[in-house]
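Colleague: Take this sequence and fold it.
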Amino acid sequence: MKLVIALVVLVVGSLLFHVLSPWWFTPLASNWHTVDTTVDITLYITGAVFVAVNLFMAWAVYRYRHRPDQRAHYEPENKRLETWLTVITAVGVAAMLAPGLVVWADFTQVPEEATPVEVVGEQWQWSYRFPGADGVLGEVASRYVGPDNPFGMSPADPAGADDILVSSNELHLPLDRPVKLLLRSKDVLHDFAVPQFRVKMDLVPGSVSFVWFTPTRTGRFDVLCMELCGIAHYAMRGQVVVDTQDDFDTWLGSQSTWADISSQPAGDPDAGRLAYATCSACHGPEGEGNPAMNAPALAGLETWYLERQLRYYQQGVRGAHEQDNLGAQMAAMAATVAAGSAMRNLTAYIASLPAADSDATVEGDPHRGAAHFNTCGACHGRLGQGNHALQAPRLAGQQDWYLKRQLENFRRGIRGTHGDDNFGHQMVLMARSLQNEQSIDDLLAYVNTL
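Modeller: Residues are numbered from 1 along each chain as shown. Okay, the predicted model is just below:
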């Protein structure tokens, strides 16, 4: 009897949870209402089977319970029953599969007027490419990918010159216009998904997949990677912003084209020498850093990382937290650096300075720290040499007192919590995986050996 009651309670509880549960579909924001219908059909069919099977089990356990005065009738074959079960099962499976096939047929038929937009996935960020005035996306190839060409644009294809490159996790799209997303991965398997649009598709290295949809309401919607793509998979987030046509045109017009980016001259270290005079007052004449001034070493850092940090200070991404007094000082100094060639010249000069050895200031166990560094090395390199592809700066040779302060800032939310600091978000999660101060000291003791 206990089993009978348990089965009945299971059925009733499941039905009540379905009816009363607040967790259901996110509000639809695209044309794919048929996906919801398909899921509903599947849920109703499987739900009916779940209820029928469990109630039948409860009835059978009660009806045919053991009785000393009764003997079971052994019937291993029942052709009539097997026929009915086969037919009912076939009808149920067909009823679940057929709607999906109809929706998939629509899913693969992209409207001719759909605007192509490329989505590029990489550990652990998204970026996007729009066609320019010619309406054609230029050729790309992995062999062209580099620090100055993250999209892998082909220098020999003139169609790519007006392509609009968006190096941001935020994608803007116009309202009520169909869009075809061309999905490309630069490293491992990813999956582009926007729950409110009811679309998701794998990004397979070496091939281009696609999805299409029409946004039906304005707003901001989360982009998720729904494929386990590495240690920071959970932090690979982005947003789709659906704008009115005027707002979208304004946003698109503010983005840079490949021609704009590729025509920028490289930084001139000689021109940046004079600009560095202000920096040297704290960071030292050779960028060696000055602990007394709380100024870290700059020599040995890459230009792309230096430029990003300067922009972050200028934009308030760094140095704006109320507890970041030292960052606030740096924000004021960064504001004096003009964008464009002046910033490139300055960072080119800093990158030309020879990295100097720094004295260890923390005491820890390098052996234990090596285990902690296994996670760090996935981004920053096995030898802490940095990795531009993952936007991870060099750690080897950096001053341990500064690294310790930054790890503590990440752990406390002083750094990395700004909405536009995508890489900082990942570092917050990584830093908080260190259990205590001793773990940090052990890690930095190991970094000092690199």
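Colleague: From now on I want contacts and neighbour counts done on CA atoms only, so please keep to that.
Modeller: OK.
Colleague: Could you give the number of residues near residue 385?
Modeller: 19 (other Cα atoms under 10 Å).
Colleague: what do you get for the one 5 residues further on?
Modeller: Burial of residue 390, expressed as a neighbour count using other Cα under 10 Å, amounts to 16.
Colleague: which residues touch it?
Modeller: Contacts of residue 390 were listed using Cα atoms under 8 Å, 6 or more residues apart in numbering, and they are 122-124, 379-380.
Colleague: what about the most far-flung residue of the chain relative to its centre, helix or strand, and which?
Modeller: The centre of the chain is farthest from one residue, residue 69, which by Cα atoms, centre = their mean lies 66.7 Å away. Assigned by DSSP states H and E, residue 69 belongs to no helix or strand.
Colleague: Could you check the pLDDT of it?
Modeller: According to the prediction, residue 69 has pLDDT 82.
Colleague: List the residues that contact it.
Modeller: The contact partners of residue 69, taken as Cα under 8 Å, 6+ apart, number zero.
Colleague: Using PDB, write out the CA atom coordinates for stretch 298-309.
Modeller: Provided in PDB are the C-alpha atoms of stretch 298-309 (Å, rounded to 0.1, in the frame of the first residue of the first chain):
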ATOM      1  CA  LEU A 298      55.000  48.300 -16.800                       C
ATOM      2  CA  ALA A 299      58.000  46.900 -18.700                       C
ATOM      3  CA  GLY A 300      57.300  43.500 -20.100                       C
ATOM      4  CA  LEU A 301      53.600  44.100 -20.600                       C
ATOM      5  CA  GLU A 302      52.100  43.800 -24.100                       C
ATOM      6  CA  THR A 303      50.800  46.800 -26.000                       C
ATOM      7  CA  TRP A 304      47.300  45.400 -26.400                       C
ATOM      8  CA  TYR A 305      46.900  44.900 -22.600                       C
ATOM      9  CA  LEU A 306      48.300  48.300 -21.800                       C
ATOM     10  CA  GLU A 307      45.900  50.000 -24.300                       C
ATOM     11  CA  ARG A 308      43.000  48.100 -22.800                       C
ATOM     12  CA  GLN A 309      43.800  49.100 -19.300                       C
END
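Colleague: Can you tell me what sits against it?
Modeller: Applying Cα under 8 Å, 6+ apart, the contact partners of stretch 298-309 are 147, 283, 286-289, 318, 343-344, 347-348, 350-356, 391, 393-394, 397.
Colleague: Need the three-state assignment for residue 127.
Modeller: Assigned state for residue 127: strand (three-state reduction, DSSP: H, G, I helix; E, B strand; the rest coil).
Colleague: what bridges to the residue lying closest to residue 187 once chain neighbours are set aside?
Modeller: Closest residue to residue 187 apart from its sequence neighbours, by Cα to Cα, 6 or more residues apart in numbering: residue 122 at 5.9 Å. Listed beta-bridge partners, residue 122: residue 125 (assigned using DSSP bridges).
Colleague: Mind checking which residue lies nearest the centre of this structure?
Modeller: Centre-most residue of the chain, counting by Cα atoms, centre = their mean: residue 236, 1.6 Å.
Colleague: Hmm, that one is touching residue 224, no?
Modeller: Yes - assessed by Cα atoms under 8 Å, residue 236 is found in contact with residue 224 at 6.7 Å.
Colleague: For the helix or strand hosting residue 348, which helices and strands make contact with it?
Modeller: Using DSSP H and E, residue 348 sits within helix 341-352. Secondary-structure packing of helix 341-352 (3 or more Cα pairs under 8 Å, 6 or more residues apart in numbering; DSSP states H and E): helix 269-283, helix 303-315.
Colleague: give me that answer again for 6 Å
Modeller: The contact analysis (3 or more Cα pairs under 6 Å, 6 or more residues apart in numbering; DSSP states H and E) places helix 341-352 against helix 269-283.
Colleague: Quickly list the domain ranges of the protein.
Modeller: Using automatic domain parsing, the domain parsing of the chain gives 2-66+77-107, 115-261, 264-356, 358-450.
Colleague: first vs last residue of the second one, how far apart are they?
Modeller: In other words, domain 115-261. 23 Å (Cα to Cα, to the nearest Å).
Colleague: for that domain, what is the average pLDDT?
Modeller: For domain 115-261, the mean per-residue pLDDT is 91.
Colleague: remind me which residues of the stretch 351-450 of the chain are low pLDDT?
Modeller: By pLDDT under 70, the stretch 351-450 of the chain contains no weakly predicted segment.
Colleague: now the strands for the chain?
Modeller: Secondary structure of the chain (DSSP state E): strands at 115-122, 125-130, 164-166, 170-174, 179-185, 190-194, 199-203, 209-213, 219-225, 237-243, 256-257.
Colleague: Could you list the paired strands of the fourth one along with their orientation?
Modeller: Each strand that pairs with strand 170-174, with its direction, by DSSP bridges: strand 237-243 (parallel).
Colleague: Kindly report the same for the shortest one.
Modeller: Strands adjacent to strand 256-257 in the sheet, as given by DSSP bridges, are strand 164-166 (antiparallel).
Colleague: what does the partner strand contact?
Modeller: 127-130, 256-257 (Cα atoms under 6 Å, 6 or more residues apart in numbering).
Colleague: Whichever of the residues you listed end up buried, select them in ChimeraX.
Modeller: Buried members of the contacts of strand 164-166, defined by 16 or more other Cα atoms under 10 Å, are picked up in ChimeraX with:
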select :127,128,129,130,257
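Colleague: Flag every buried residue along stretch 267-284.
Modeller: Neighbour counts over stretch 267-284 (16+ other Cα under 10 Å) mark 267-269, 271-273, 275-276, 279-280, 282-284 as buried.
Colleague: Could you export those as JSON lines, including distance to residue 167?
Modeller: Formatted as JSON lines, the buried residues of stretch 267-284 follow (distance: Cα to Cα, whole Å):
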{"residue": "267", "distance to residue 167": "20"}
{"residue": "268", "distance to residue 167": "24"}
{"residue": "269", "distance to residue 167": "26"}
{"residue": "271", "distance to residue 167": "27"}
{"residue": "272", "distance to residue 167": "26"}
{"residue": "273", "distance to residue 167": "29"}
{"residue": "275", "distance to residue 167": "27"}
{"residue": "276", "distance to residue 167": "28"}
{"residue": "279", "distance to residue 167": "28"}
{"residue": "280", "distance to residue 167": "31"}
{"residue": "282", "distance to residue 167": "32"}
{"residue": "283", "distance to residue 167": "30"}
{"residue": "284", "distance to residue 167": "33"}
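Colleague: Nice, that's everything, thank you.
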